[in-house]
Every structure is written in C-alpha cells, then in structure tokens.
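>>> coords below, sequence missing:
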C-alpha cells in the first residue's frame, strides 16, 4: 500500500540577518525511514517546523502527495495525513493515555454539530483495534487508564508517538523521539519505526542519537549551516568527508 | 467654543487618563502584573477622600494628604505583601495573577459599595480650585487642567530620573529583567515590587479623586471609567511611558474637539456615542489593529490551573461512582426546585438563580472547557436580553412578533453569530490580550448598544405567556429551570465524547492538539459561539426576572465579577456554576448590597490556597477525608488500598519506565488489616445495625 510522499522544494527561512534554512530540498518517501542529522544550530528544527507548518517558509514550497500544502496550518496538514511529535512531549495532561490516543484517532474528520446534539460515538471497532494494537506494540497497555500528567518523560514520549500513530498518518515527523528513552526502549522504538514504515508510512526522524539514525534509516540528510551538505544511504553519508569533518570536531563518529 | 479652547478642556481628562496609565505601567514594569484592580482602588480612594471632606469635615489639604500619601500607598503595599508577593514567590502563572487582580477589583468594589452604598453622589469635592486663568491670545484654561498637566510632567520627570540616574533605578531595571536573578545578586526585589505597587496605587488614587467630581459618583461608574483608560497602556504596548502620556492627551483632546461638530441624520446617535466613549472605542480598536501585542502574551490564556478535572471517564465508571453521581444530581435538582414552595416574594428573588447559572455556564464552556479567558460575558447576556425583548415586541428587523415563550430561545440563537464574530479575534490572541479584547467587546456593547436610546427606548418587557395566558410566577420559574436544563445538556455534550476530548485537548496543549489534526481554530470559535448563545439565554431570563431591561444589569463590570465567581467555584465545573449562582443570589438577598461581591472577592484572593476553585477544594477535602479514614482504620504499610497503592505505583513509575512499573499492583497486598480502633469501630457499627434491625 503506497501512501503520499512529502517533499520540500527550495525551502528557505531567515530570522533577521540569519538564514536558518537556506534553499533546502528534501524528500520523505513512503515506506521509508528518512533521517535528518546535523550539529546544533544547523537548522534541523527550523526545517522540521517548515514541514509541519508551525512556521511558514520565506520561499519554497511543501508538497504532500503532489498537493501544495505550503500555506496550510499544522492541524489541516495533520488531517491530510502529515503528523508530528514534539521535542517536548505535547500530551493532554488532564486526560488518560487512552483518551490521548482517542483524540489522535478521532480528529481526522470533524462533526461538531453532531457532538453538540449529543451524538457521541465511542469510536468504531476499527478505531478501537488500532488503539489497542498501538498500545501493545509500545508496551503501554498497563498504563492505558493513567492520567498522563503523572507519567515520567520516557513514557510521555512513547504515548505521544502512540497518539500520532493512532491518527493513521501517511507521513510521520518525529523530533528527537529517542531522547529520554533507555536502551531497551530505544531498541523497541527502532523496531516499531521499521514496522510502521513497512506498512507504507513515510517517516522523518530528527535525532541527536546519530547511532539510532544510521541504524534505522534508509536515507539520511546531513545539514550544516542551514544547507544540506550530504544525502544518501546511511553508509554513504557516514563516509562523506564534510559530515566526517563536522562530527570529528565534536568527537568520533562510530 | 473655538478649537483651542476645546483642546484645553480636553487636556484635563487626557491628563487624568495619563496618570492612570502611568500607574498601570509602573506596577506592570516592576511586578509583571497588569493591575485590573486599578479602577476599584481609584474608586475606593475617591470615596475615602469624599468621606473625609464631606462627612468628617476635614480641611481639603489634610484630606488629600491622608488619602493620597497614606491610604493609597498603604493599599498598594498591603496588596503586594499579602496577595502578589506570595504569587511571585511560587512563580504563579500570569493567569493566576490576573485572577488575583480581578479578585482585588471585586473586593474593592464590594468594599466601596458595602460602606457607602450603590447610590450615586454628586458632592465629590474637587482637589483643585474650579477657576480658569487667561492665556496669552485670549484663551482660558482651567486651573485643574494646568495642575493635572503639571502633575503628569512632574511624575514623568521624577520616574525618568529615578530609573536612569539612581541606584534604586538600576535595581528596578534588574528586577524587571529577571526577579530571581536580581535577588541572587542581593537586590531587594521585594522592596522594588512594593515601591512599584505603592506608586501605582498612589496614581490610581489621584485618578479616582480627580475623576470623581466630573461625574455622578457611583462605585461601579467610576471603576468602569478607570478601566476604560486601559486604552492608554495598550497603545503604549505596556512599555513606553511617553507613549502612554501622549495617547492619553491625544484621546482627551480629540474627544473634546469632536464635540464641536454636529452630525445629523441616522449616524448622529453613533457619532455622539463615539464622541462620548472615545476611550472604550480606542481600547477595542487598538486591541484589534495593533499587530502582535506580544507584551500582552504570556500564559494568561491557559486556564488549566483553575480547572481541576480532566475528561470524564470514557469507559468504565464504577457502580458506586455512578450512584454517587446520580445522587448528587438529584440533590441539586431538589434544591433548585425548592423555591417553587417559597412565598411569592422569595420566589421572585430565586428567579435570578437559573438565569445567572446559565450565564455562568457559558463561562464554564469558554473558560473551563476550552481554556479561553472571556471578560465580556455581560455583553452577550445583555444582547440576548435586548434581542428577545425586541423579538417578543415584533420590533426587530420588521420580523413578526414571536410568541413570548419562543423569544428568549430565538434571541439566544441570534446572539450566537455575534459570539462567532467576536470569537474571531480570540483565535490568534491569548493571555492578557485576549482578556482585554473580550472586556473591550463587552464594554463597547454596553456603551454603544445597551446605553443608547436608539436601541432601548420604549422597550417593553412583557411577562411570558402561553396562548394569551400570562404565566404565574411558579410556572415562570419552571420555564427557567427547563432553560437551565437545556444549558446543562449543551454543556454536557460539549464535555463528553469526541467533542469534549477535542476541547480539553485544545485547553491542555493547543499545539499538540493541532499536531494530531484537532481543528483548534474552529473549536475555539465553536466554544465562543455556543457560550454566547447560552449567555444570551441567561440574559433574556435575567431581564424577565427583573421585568425590565436594565443596562446596569449587563455592565461590563459584571463580566469581571461573574468571571471571578466562576473561577472561584471551579471554572470547569457545571455544578460549580449553578452553586455560584445560588451563592451570589442568596447572599445578595440576605445581606446588604455589595456583600456577594465582597465574598467573591475574598474567595478569589484565597484561590492561592485553593487551586482549582472551591469545587475542587471540596472534592479534595472529601477524597482526603476518605483516605484519612481508610488509613485510620487499617494497619499502615500492609494494605494495598486505593490511595497508597496508586501512590506507590506512581513513585515506581517515576524512577523507572520499565514495563513492570506500568502495571499497578492490583490487590497484591492482600486484604487490608484493621487497626484496633478500626476493629472497635466496625464492631460498634455492626452492633448499631443489629439493634436498629431488631427494632424495625
């Protein structure tokens, strides 16, 4: 099952005199895990915001499945299948884990009038099945009825990912999903990402954990100073002289 | 009069507005609190001054010195020490500071009304002699205008010198930058904050004393007038002192100049309204057109802290919980229906309860559920009242007269589009900007609609009737209860199911909600729209309860009082809203005027100790009592009972996120072991049950 492809063409964003993202082309292919690496201040986060719609580019366009989504707000993009997670988990802290997931599962379509009149569907069996499966795959079943305000960060990150998965996205944008996770959880996360990609979802992974990025991705973009300096398979990018130079300055690249 | 003379006349009012604006700015810059209570403090000081001069016969200079150099700064210092310093200490959110200053406003208005009554007075003494002096060129200017102008210049120069030239000024700037950091560098931040408050309240006192002789002095009227000078600080973007002063003078002079033109025809009423309410109009326009009032942002838009509960449980609720819930609702219904047995005169007082409860419910929708601060609810309520009266009269857009029973409902529905329209600015605003915008909307509605003869003259409020028969008081109350039931139904539908979850998601984390496709903008609009309609229905019932349309019943100040009351009783609690209405009406009926206002003010200031409002405080109390009893009756450390078990699971989850920690230990501690006291109590209970069983 092939889904929509996310592409950014000629994206640029300037803050005053600083060009944070400078004429960047990027493609997140369906069924593939794409990585985005770069040192601090390289413009990863800004590029990420341009793709999610939190910020608008000064120039360039964003396409989802061939449709120009450059001017769409983040929530409209999400309803078109482009769903993100945040560096700081963005959960609804007064709700249980299950309700957080439900919000994710329910909001691809809107029915406010029905809601006002008291029609409150408790989720179709299909919605229910997706949620149960997601909870199981992330080993969260035990805390399904816990209020998220009381959970530790690592769990919050997984719940946020679960909530994003429950929207049944075409493209998933993950901002440092592994920070705050222990080794075992990170391993489970990479397995899950592979499986989700196997179902046809395109995933963009931004993470400081270069090892995770290289081990789980099919395609990697390396960013320095607002530009893409290298792209290709993890092996190719790992050997790229520019990338090596940048990362050697910060320590050895495994 | 010539333009130049008009300009001199306008200088006076402009200078007073400038003083008010400077006071607001000083407090904001030193404390980070936009002192909404400025109006209430101004009115209180003005009344104290009047009492000293008129009632106690003190000489004018002595009274002025006492009220401006003693009473005013004292109010500021007390407020800083006991209300705002504790908030700053625990880094309370801007929303909490906002509610605290609303509490102070409500408290001061309640005090003024409680001591001196709500009636109007026109014997307020004037601080400066009412003479004019000649100027070169043949114009004349009032001594008061000159003195006020001199005062503004003196205050500006002094403040400027202090902040730029003295050590204290450097300390002020350090505190403004970062209070914590300043304290770490041994700067007495508390003293700076207190000084800021004292200066702010002194200037508020000046504003009140100078404004009082210019109008029919009432606690509400003067307070409102001072609130309208907020336009000045908005124009100054809460930063620039000269900006505030120049705006104030400009609006004052413009207002005066406009009076020389005569506009005839259908716009004459509008022109007159704009001319006499230029500050309100400026406030709304400035808030709408000034791009990015970032200074007014902050987290005051998040009302999460006033909301204690999350989503209603989606799936299972235990049988006991269900039973308790049903019992609670039944008790509430019985209490609400109780006035039906009252004597007619008392029944009429009770009329106000369902009406007010509906207005409060509208705030629960917009503030409690979707997390938007709305300080303009009285506007929607008044509009609902006005429209329903006109509909029943057949006086609206040439529509035929509606059956009296249908008019309130249709009127409420007509308010919905207004809510939609006015909710539009709310999409992009949060925090203080949203609070001020909604306040300005309510104030504009009051000044430009409810107080205009064009709209309200000859308004005939007929009692409700069915098929030509006028409803008796009892039946009217029943109709009110039915309307309240309808409102509660809407609120329930907004709180449960998919819609309720989506709204809560928007309240808890707007960005996170948008990220998974929740339509944040339209949900905000929806809550504003529905809230406006519910408030409109409440307003229509309120008007029917009073049997007349009274613009004062829908004063913008009431919006602030009502908002505070709803927050006090738990912003996300529908039951809390109904209880709040009952509370206010009961106190107002039994105690002198202003008592309910006073009580709400005191409760609001105690919110610092009761986060989540009274409703949640009561809930917490019951829960804690339950836990205490359980702990008293069982051996500690052995039982896996509710409270301790959940706590242990949480503690475990906090240290590790391994899967095992997710599973709560369900009953692995075995059955609880009773303490000797528990054993004794249980035995006693069994014995009582046994004996009572035998007697039956």
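Right, received. Where do you want to start? Quantities reported herein were computed from a predicted structural model and do not represent experimental measurements.
>>> following the helix ranked longest in chain B, which helix or strand comes up?
Counting residues, the longest helix found in chain B (DSSP state H) is helix B:3-31. Using DSSP states H and E, the helix or strand that follows helix B:3-31 towards the C-terminus is helix B:38-50.
>>> for that next one, buried residues please.
Using 16 or more other C-beta atoms under 10 Å in any protein chain shown as the burial criterion, the residues of helix B:38-50 that qualify are B:38-50. Yep, even glycine has a C-beta here, placed from its N, CA and C like the rest.
>>> burial measure for the nearest residue to residue A:86 once chain neighbours are set aside, as a count.
Among residues not flanking residue A:86 along the chain, residue A:175 sits closest, at 5.8 Å (C-beta to C-beta, 6 or more residues apart in numbering or on different chains). Neighbours of residue A:175 under the rule other C-beta atoms under 10 Å in any protein chain shown: 20.
>>> that older thread, show me what the longest helix of chain B is packed against.
helix B:38-50, strand B:140-142, helix B:143-165, helix B:167-177, helix B:189-211, helix B:230-235, helix B:241-258 (3 or more C-beta pairs under 8 Å, 6 or more residues apart in numbering or on different chains; DSSP states H and E).
>>> between those, which one is nearest to residue B:514?
The closest of those to residue B:514 is helix B:230-235. By C-beta to C-beta, the value is 28.1 Å.
>>> can you show me the strands along the chain?
Reading this off chain A. With DSSP state E, the ranges of strands along chain A come out as A:6-15, A:18-28, A:33-37, A:59-64, A:67-68, A:82-84, A:171-175, A:202-206, A:219-224, A:227-232.
>>> oops, I was thinking of chain B
B:132-134, B:140-142, B:465-466, B:469-470.
>>> which of those comes out lowest on mean pLDDT?
Lowest mean pLDDT of the strands of chain B: strand B:465-466, a mean of 76.
>>> strand partners (parallel or antiparallel) of that one?
The pairing partners recorded for strand B:465-466 under DSSP bridges are strand B:469-470 (antiparallel).
>>> and the strand it pairs with, how far out from the chain middle?
Here strand B:469-470 is found 38 Å from its chain centre; the criterion is C-alpha atoms, centre = their mean, to the nearest Å.
>>> now do stretch A:68-84
13 Å.
>>> sorry, back to before: could I get the buried residues of helix B:38-50 as JSON lines with distance to residue B:438?
Below are the buried residues of helix B:38-50 laid out as JSON lines (distance: C-beta to C-beta, whole Å):
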{"residue": "B:38", "distance to residue B:438": "18"}
{"residue": "B:39", "distance to residue B:438": "17"}
{"residue": "B:40", "distance to residue B:438": "19"}
{"residue": "B:41", "distance to residue B:438": "22"}
{"residue": "B:42", "distance to residue B:438": "22"}
{"residue": "B:43", "distance to residue B:438": "22"}
{"residue": "B:44", "distance to residue B:438": "25"}
{"residue": "B:45", "distance to residue B:438": "27"}
{"residue": "B:46", "distance to residue B:438": "27"}
{"residue": "B:47", "distance to residue B:438": "28"}
{"residue": "B:48", "distance to residue B:438": "31"}
{"residue": "B:49", "distance to residue B:438": "32"}
{"residue": "B:50", "distance to residue B:438": "32"}
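>>> what's the closest non-adjacent residue to residue A:75?
Per C-beta to C-beta, 6+ apart, closest to residue A:75 is residue B:514, 3.9 Å.
>>> that neighbour - how many residues pack around it?
Residue B:514 has 26 neighbours, counted by other C-beta under 10 Å.
>>> and what of residue B:74?
Using other C-beta under 10 Å, residue B:74 has 12 other residues around it.
>>> cool, and the one 3 residues further on?
Using other C-beta under 10 Å as the criterion, residue B:77 is surrounded by 16 other residues.
>>> got it, and the one 3 residues further on?
When neighbours are counted by other C-beta under 10 Å, residue B:80 registers 25.
>>> ditto for residue B:414
For residue B:414, the count of nearby residues is 21 (other C-beta under 10 Å).
>>> how near is it to chain A?
Distance, residue B:414 to chain A, by C-beta to the nearest C-beta, to the nearest Å: 17 Å.
>>> my read: that residue touches residue B:386, true?
No - Residue B:414 is not in contact with residue B:386 according to C-beta atoms under 8 Å; the separation is 10.0 Å.
>>> which residue does the stretch 501-650 of chain B bring closest to chain A?
Closest residue of the stretch 501-650 of chain B to chain A, C-beta to the nearest C-beta: residue B:512 (2.9 Å).
>>> how about that residue, what does it touch?
A:86, A:90-92, A:160, B:505 (C-beta atoms under 8 Å, 6 or more residues apart in numbering or on different chains).
>>> what pLDDT is listed against it?
We have a pLDDT of 91 for residue B:512.
>>> go on, residue B:311?
pLDDT, residue B:311: 45.
>>> the one 4 residues further on too?
You'll see residue B:315 listed with a pLDDT of 46.
>>> what of the one 4 residues further on?
Residue B:319 is assigned a pLDDT of 66 by the prediction.
>>> and if you look at residue B:339?
Listed pLDDT for residue B:339 reads 83.
>>> ok, residue B:444 next?
Reading off the model, residue B:444 has pLDDT 93.
>>> touching, it and residue B:279? I think so.
No - look at residue B:444 against residue B:279 with C-beta under 8 Å: they stay out of range, at 10.9 Å.
>>> who touches stretch B:41-55?
Contacts with stretch B:41-55, where a contact means C-beta under 8 Å, 6+ apart, come from B:20, B:35, B:58, B:60, B:62-64, B:66-68, B:71-72, B:75-76, B:104, B:108-109, B:111-112, B:115-116, B:121, B:123-125, B:201, B:204-205, B:207-209, B:211-212, B:217, B:219, B:222-223, B:226.
>>> which of these are buried?
B:20, B:35, B:58, B:63-64, B:67-68, B:71-72, B:75-76, B:104, B:108-109, B:111-112, B:116, B:124-125, B:201, B:204-205, B:207-209, B:211-212, B:217, B:219, B:222-223, B:226.
>>> could you chop chain B up by domain?
With domains defined by automatic domain parsing, chain B comprises B:3-119+B:141-257, B:304-555, B:634-695.
>>> residue ranges with poor pLDDT in the stretch 101-250 of chain A?
The model of the stretch 101-250 of chain A has pLDDT under 70 over residues A:108-124, A:248-250.
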